[in-house]
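Student: with the input below, show me the fold.
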Amino acid sequence: MSLVWTPHPLEPAPTKEQILAARTPEQMKALAAWHDAREKRIEQAERDPLNHGYEFETWAEADFLFEDQNQVFIFGGNGSSKSAYGARTVVRAAVENPRSMIYCFAQDQDTSVRIQQRYIHQYLPPELRQNFKTDSAYAKYSQKNGFTGESLILPNGSEIYFHTYSQFISNRAKFEGLEVGSRDPRWYNIGFWFDEYLESGDLYETMLYRIPRRDAKILVTFTPIDGFTPFVAKQIKGSRVVKTRPTSKQVFPNEGEPQSVEAMRVNDQLGVGMVYFESEQNPWAGFDSMVKTHGHKSVGERLTRFYGVPVKSMTSLFPLFSTDVNVISSKKFPNVMGPQFTRYQVIDPANARNYFALWAAVNAAGEIYIYREWPDRPSYGEWAIFGDPKWKKGPASDKLGYNVKSYVDLFHELEGEDEEIFERLVDSRFAASAGSDGADLFQDFEEHGFFVQPTDGQTEEKGLTRLDDWFSYNPNLPVDSANKPLCYIHEKCGNLIESLLSYAADGKKDEALKDPIDALRYLRMANEGEGIEHYDSHSFVTVRKSQGGY
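Tutor: Have a look, this model is predicted:
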């Protein structure tokens, strides 16, 4: 008897030795039973992947997050099966939850047909994969054109619609009043699937208002190969890691490289769960070939390509700035009020918006800690909001009508009685041309016992380049006492963090982000371009609340 064993990476076949060892009738019978069960399992998975297909550990993790979160983001490495998971999840929700309304969004029509619609068709139960038409159900599919009418209606009344992001931009009214999900869900009540969402967040925020009616859920699948968008950064910011997994020795074989990688995150405030789909779990991803192609690249790129970990902003002018490295939580932030730190304030004034201010402390090792911003995001909201096609002024930048005295009183209140500021800096170009009754801004501040110094007048380009010095370290090696950046930021300085993540010096498109960047740049260019420095208590007299000078 000669048995043909279909090659399959997830269904073990007997070795040549095992086959040759089967000599007795009982052994031959057991071998034949193994063969028949294995071949049937492979055939069932191919014929009906929804009910019999192969699923991976990462899929179970994503399903688990849907238990408590109403939004789940899948960050996928190369070939990590995120699109297959998305289609399986949408189809299962449509099949098990009667009269579901599910909307699938893609970048463009071609992507919708090639990826979303093809995978949705693949995961339909066999009896629904053929074209059908009744009084209450309809589906007509072709590989070239996808589903006719960009939709299908199942016999249980569930409807799946396919749209593109540009359709929302060109006609918002088309999506008004949507009801999504099912009123009688028996499984996770999926209402939206957003694939490769690279937009500003406008569509997403609008659709968030649609999910409470039926307590629906949102799935987002995203490949961060080119970095993450400001919208994605918003979901990550404030989240916490809830699960890690070991890395592969094939991907990170060298001592000092990551031995584990985050697998799941949760943002409790936003109701968002995040799962990282790693490439190695999908045996059809060509993992060995990927190692040959990408295994020599930087740690950051390997984290992204093999594990789906987004490590950089798509547009950021500061590629080494990282929320994991440069941003410090309240629990871990050092006490910068002692004599081991020298404290500075920098003010970026303006006519059409609020002043923006930062407070920084530097120690003898030259480490800079940005410990306060104003207006701060928790109290005043975003300084800038991402829009299409450019960043827009946020609520924090809207003028409060403060005069110079109001700002002086505010800054004193924020600092309290015991906080000693060594030097205050203000934008020299603006301050020299602004003021009341013919005076400049330096004089206006001085009238209220608030002594400020002009910032360095070197070019903006030079200052931005020098900021790289503060963020510079080798990202291919572990962060330690010998390999680390100089600049760290308190997690509450959200507007500065947002600007550093997203600012690309892209002309007017980035103008709304510029003020926090300018303030940090002024600190970097202080002391004739050497940056702010630490002085012990015997070197100079500090600039206190009511007196100034060195």
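
Student: can we go C-alpha only for contacts and neighbour counts from here?
Tutor: Fine.

Student: what separates Y197 from R240, distance-wise?
Tutor: 22 Å (C-alpha to C-alpha, to the nearest Å).

Student: ok, S100 next?
Tutor: Plainly put, S100 is 32 Å away from R240 if you go by C-alpha to C-alpha.

Student: do you know the pLDDT at S436?
Tutor: Here, the pLDDT recorded for S436 equals 60.

Student: to clarify, my last question referred to F386.
Tutor: At F386, pLDDT is 69.

Student: and L425, bridged to which residues?
Tutor: Assessed by DSSP bridges, L425 has beta-bridge partners V346, Q453.

Student: show the average pLDDT along stretch 478-490.
Tutor: Mean predicted confidence for stretch 478-490 is 91.

Student: can you give me the buried ones in it?
Tutor: Using 16 or more other C-alpha atoms under 10 Å as the test for burial, stretch 478-490 gives 478, 484-490.

Student: and for stretch 13-31?
Tutor: Result for stretch 13-31 [16+ other C-alpha under 10 Å]: buried residues 13, 28, 31.

Student: now distance to G338 too, for the buried residues of stretch 478-490, in TSV please.
Tutor: Converted to TSV, the buried residues of stretch 478-490 look like this (distance: C-alpha to C-alpha, whole Å):
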residue	distance to G338
P478	29
K484	23
P485	22
L486	19
C487	18
Y488	17
I489	18
H490	17
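
Student: which ones among these are found in strands?
Tutor: Of those, the ones assigned to strands by DSSP state E are 487-490.

Student: what does the longest helix along the chain contact?
Tutor: Determined from DSSP state H, the single longest helix within the chain is helix 25-47. When contacts are defined by C-alpha atoms under 8 Å, 6 or more residues apart in numbering, helix 25-47 is touched by residues 3, 5-6, 8, 11, 19, 22, 51-54, 126.

Student: make it 7 Å
Tutor: Residues from elsewhere that reach helix 25-47 (C-alpha atoms under 7 Å, 6 or more residues apart in numbering): 5, 11, 22, 52-54, 126.

Student: likewise stretch 153-162?
Tutor: Stretch 153-162 is contacted from outside by 94, 98-105, 136-139, 150-152, using C-alpha under 7 Å, 6+ apart.

Student: end to end, how far does that stretch reach?
Tutor: Stretch 153-162: ends 12 Å apart by C-alpha to C-alpha.

Student: next: stretch 344-354.
Tutor: First residue to last in stretch 344-354 (C-alpha to C-alpha) measures 20 Å.

Student: likewise for stretch 274-284?
Tutor: For stretch 274-284, the first-to-last residue distance is 23 Å (C-alpha to C-alpha).

Student: same check, this time on stretch 479-499
Tutor: 23 Å.

Student: what's the helix or strand for P516?
Tutor: Assigned by DSSP states H and E, P516 belongs to helix 514-524.

Student: how far does that helix sit from its chain's centre?
Tutor: Remark: helix 514-524 is offset 24 Å from the chain centroid, using C-alpha atoms, centre = their mean, to the nearest Å.

Student: domain assignment for the chain?
Tutor: Residue ranges for each domain of the chain read 1-47, 57-314, 325-529, as given by automatic domain parsing.

Student: okay, those domains in TSV with distance to Y535 next?
Tutor: Converted to TSV, the domains of the chain look like this (distance: least, C-alpha to C-alpha, whole Å):
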stretch	distance to Y535
domain 1-47	64
domain 57-314	34
domain 325-529	6
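
Student: D536: which of those is closest?
Tutor: domain 325-529 (6.9 Å; C-alpha to C-alpha).

Student: first-to-last residue distance for that closest one?
Tutor: End-to-end for domain 325-529, by C-alpha to C-alpha: 25 Å.

Student: check stretch 141-153 too.
Tutor: This stretch, stretch 141-153, spans 12 Å end to end (C-alpha to C-alpha).

Student: kindly report the same for stretch 344-361.
Tutor: 6 Å.

Student: which outside residues touch that stretch?
Tutor: With C-alpha under 7 Å, 6+ apart as the test, stretch 344-361 has contacts from 336, 341-343, 368-375, 397-400, 421-427, 515-516, 519, 523.

Student: among those residues, which are located in strands?
Tutor: Short answer: those in strands (DSSP E) are 341-343, 368-374, 423-426.

Student: now these in JSON lines, with distance to K174 and pLDDT?
Tutor: Shown next, in JSON lines, are the ones in strands among the contacts of stretch 344-361 (distance: C-alpha to C-alpha, whole Å; pLDDT from 0 to 100):
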{"residue": "F341", "distance to K174": "57", "pLDDT": "96"}
{"residue": "T342", "distance to K174": "57", "pLDDT": "96"}
{"residue": "R343", "distance to K174": "54", "pLDDT": "97"}
{"residue": "I368", "distance to K174": "50", "pLDDT": "97"}
{"residue": "Y369", "distance to K174": "48", "pLDDT": "98"}
{"residue": "I370", "distance to K174": "45", "pLDDT": "98"}
{"residue": "Y371", "distance to K174": "46", "pLDDT": "98"}
{"residue": "R372", "distance to K174": "44", "pLDDT": "97"}
{"residue": "E373", "distance to K174": "41", "pLDDT": "98"}
{"residue": "W374", "distance to K174": "40", "pLDDT": "97"}
{"residue": "E423", "distance to K174": "56", "pLDDT": "95"}
{"residue": "R424", "distance to K174": "53", "pLDDT": "95"}
{"residue": "L425", "distance to K174": "51", "pLDDT": "94"}
{"residue": "V426", "distance to K174": "49", "pLDDT": "93"}
